[in-house]
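Undergrad: Structure of the sequence below:
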Amino acid sequence: TVSITVVGASGDLAKKKIFPALFALYYEGCLPEHFTICGYARSKMTDAELRNMVSKTLTCRIDKRENCDEKMEQFLRRCFYHSGQYDSEDNFADLDKKLKEHEGGRVSNRLFYLSIPPNIFIDAVKCASMSASSGNGWTRVI
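TA: The predicted structure is shown next:
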């Protein structure tokens, strides 16, 4: 299982570049069978609102093969949202619980993609490290 958390998910970089790039990887079959994408940001948002926001930026720009709309829907069903502060271990602990639910007891590999200003990288990484690292797999930060 790979759980990808986009930290700063409500920002322009995430909307315009990161989510479309993750969809392109999914579309081409480059993501594992069991993966989850979780948007994490300070904004209050539901899973449905995140999916709606992301859906507006996804395209089948790679080519015009069949079933692109179906692939988009499959991708969006794997996208979830969690609201929290970037400097809160408690908020990242809540994120950890949510990720564990989606990981379903499988070995969990976690990737944190930072789409936030550099001046808050350290706080976010410290909190993710202390409260949301994988307990039985790898954890990486981009």
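Undergrad: Wait, Gly84 touches Leu95, no?
TA: Yes: with contact defined as CB atoms under 8 Å, Gly84 reaches Leu95; the gap is 6.3 Å. For every residue, glycine as well, the C-beta is placed using N, CA and C.
Undergrad: Give me the common contacts of those two.
TA: Tyr40 (CB atoms under 8 Å, 6 or more residues apart in numbering).
Undergrad: what sits against Lys16?
TA: Contacts of Lys16 (CB under 8 Å, 6+ apart): Thr57.
Undergrad: Glu73: neighbour count?
TA: Residues lying near Glu73 (other CB atoms under 10 Å) number 12.
Undergrad: same question, His102
TA: 17.
Undergrad: I'd like the distance between it and Thr59.
TA: 26 Å (CB to CB, to the nearest Å).
Undergrad: related to what we said a few turns ago, which one's more surrounded, Gly84 and Leu95?
TA: Ranked by neighbour count (other CB under 10 Å), Gly84 and Leu95 place Leu95 first, with 25 against 19.
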